[in-house]
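# okay, predicted coordinates and the sequence, questions at the end:
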Amino acid sequence: MKIAVVILNWNTKGYLRSFLPTLIRSCEALGQDEWGPVAEVVVADSGSTDGSMDTMAEVFPSIKTIPLGENYGFTGGYNRALAQIKAEYFVLINSDILVDEGWLKPLLEWMETHPECGICGPKLHALIKSEGSYSKTEKFEYAGAAGGLLDHFGFPYCRGRIRSKVEDDHGQYDTPANVLWVSGACLMIRSSLWRELGGLDDRFFAHMEEIDLCWRAQLQGWKVSIVPSSTIWHLGGGTLPQNSPWKLQLNFRNNLLLLDNNLTLTYLSQGISEKKATAKASRMIAFRKFLDNCAKLIYSCTGKKEYAAAVGKAHEEFEKLRVEAHKTPILAPVAKVEGLTHKLILL
């Protein structure tokens, strides 16, 4: 097939019932080519215990499913699922996303007409649930908005969202743009690039793994683009609540892993010597850990002991994980990566 639209499901039976029908219709709208349907939906299940696979068999029997048996996280789940799928393009999409019929065509057309682009994504708007029904909004969604960058300190933010402040979409980001990252809630990637990069870094488990993937792709000379003619609506927070200490722990840990994976190679790609690149990256990570410890102190002083403990655990896990061998290949950068530094304010 040309496009495999893959949902990684874990105990979201209700979302499958609510959002899968429109996703299936949107794929069918692309029609067929000489090899069959242009786009097909695949649901990979991470050992759900809520009857998700029974729902798939009863309600969506024609949709291919891949039972993974257990929860390997976003990273391990997609790595295992996509290894079993043959397609020219992979679309990673969350189960809590509402699409319209025309969302997928602009992404495909962008990839077909921009061979330098390895990964692209749509604009994300917020989806709201109220009294049992879902409502589309014109407000950007927190997790991805209109494409992402990093700030001076290596914290991710989005065009359309800075920290917790989210903008309304007035068309201010309706010009296609190259960004540092697009949200893993929905992204399209060339399958050849996925294999070249070794997929997602398994150590992340969940959170910021798509930023790492996009950054590594650009270190190989690929572009990452936001395609604003495609818009989807994301409910968000379907797996871990915003106030989860474990979610906080993953975010602090993975932000450090993200910088550790990519900073040195980014500096090398700009012509800095290996010694200076390594030292510069080490200073940035040390400074970030200092900022994290300031946050830990604030959590402790305001009675949020579980959050403070989560930051400490994040640092402990980071130190253990950074010395382990990467399960995905972290490739040397191309000789010169044009246009990368303007997306990294911290450089």
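Happy to help now that I have it. Numbering: from 1, shown residues only.
# use CA for all of it now, contacts and neighbours both
Noted.
# and for the residue lying closest to residue 144 once chain neighbours are set aside, the neighbour number?
Closest residue to residue 144 apart from its sequence neighbours, by CA to CA, 6 or more residues apart in numbering: residue 183 at 4.7 Å. Per other CA atoms under 10 Å, the neighbour tally for residue 183 reads 27.
# residue 183 is in contact with residue 209, isn't it?
No: at 9.6 Å, residue 183 does not count as touching residue 209 under the criterion of CA atoms under 8 Å.
# just the helices in the stretch 101-250 of the chain please.
104-113, 191-197, 209-219, 245-269 (DSSP state H, counting those that start in this stretch).
# and the third one with helix 245-269, angle?
Angle of helix 209-219 versus helix 245-269, following axes from the mean of the first three to the mean of the last three CA atoms, to 10 degrees, is 10 degrees.
# any idea how far helix 209-219 is from the middle of the chain?
Averaged C-alpha coordinates place helix 209-219 at 9 Å from its chain's average position (CA atoms, centre = their mean, to the nearest Å).
# next: the longest one.
Average the C-alpha atoms of helix 245-269, do the same for its chain, and the two points are 14 Å apart (CA atoms, centre = their mean).
# before we move on, what about stretch 96-112?
16 Å.
# now stretch 189-204
That offset, for stretch 189-204, works out to 12 Å (CA atoms, centre = their mean).
# adjust the sequence numbering to begin at 544 for everything that follows.
Let's use 544 as the start, then, which means that last one is stretch 732-747.
# what are the buried residues along that stretch?
732-734, 736-737, 740-747 (16 or more other CA atoms under 10 Å).
# measure it end to end?
19 Å (CA to CA, to the nearest Å).
# report pLDDT for the residue nearest to residue 687.
In this model, residue 726 is scored at 97, pLDDT.
# cool, the one 4 residues further on as well?
Note for residue 730: predicted pLDDT of 98.
# the nearest residue in space to it that is not next to it in sequence - how many residues pack around it?
Excluding its sequence neighbours, the residue lying closest to residue 730 (CA to CA, 6+ apart) is residue 664, at 4.6 Å. Residue 664 has 31 neighbouring residues, counting by other CA under 10 Å.
# helices or strands up against whichever helix or strand residue 863 is part of?
Assessed by DSSP states H and E, residue 863 sits inside helix 848-865. If contacts are counted by 3 or more CA pairs under 8 Å, 6 or more residues apart in numbering; DSSP states H and E, helix 848-865 sits against helix 788-812, helix 817-844.
# picking that back up, dump the helices of the stretch 644-793 of the chain into CSV; add distance to residue 777 as well.
Rendered in CSV, the data for the helices of the stretch 644-793 of the chain read as follows (distance: least, CA to CA, whole Å):
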stretch, distance to residue 777
helix 647-656, 15
helix 734-740, 24
helix 752-762, 16
helix 788-812, 18
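# low-confidence stretches in the chain?
780-785, 868-890 (pLDDT under 70).
# most widely separated two among the buried residues of stretch 732-747?
733 and 746 (22.2 Å; CA to CA).
# in stretch 810-823, what's buried?
Neighbour count says stretch 810-823 has 810-813, 820-821, 823 buried, by 16+ other CA under 10 Å.
# which helices and strands sit right next to the helix or strand hosting residue 560?
In the assignment (DSSP H and E), residue 560 maps to helix 556-571. Judged by 3+ CA pairs under 8 Å, 6+ apart, helix 556-571 is in contact with strand 582-588, helix 595-602, strand 640-641.
# who are the packing partners of the lengthiest strand in the chain?
Longest strand of the chain, by residue count under DSSP state E: strand 660-673. Packing contacts for strand 660-673, counted by 3+ CA pairs under 8 Å, 6+ apart, involve helix 647-656, strand 676-683, strand 729-733, strand 766-777.
# and that strand, which strands flank it?
With DSSP bridges as the test, strand 660-673 is paired with strand 676-683 (antiparallel), strand 729-733 (antiparallel), strand 766-777 (parallel).
# can I get those in CSV including distance to residue 797?
Below are the strands paired with strand 660-673 laid out as CSV (distance: least, CA to CA, whole Å):
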stretch, distance to residue 797
strand 676-683, 24
strand 729-733, 19
strand 766-777, 20
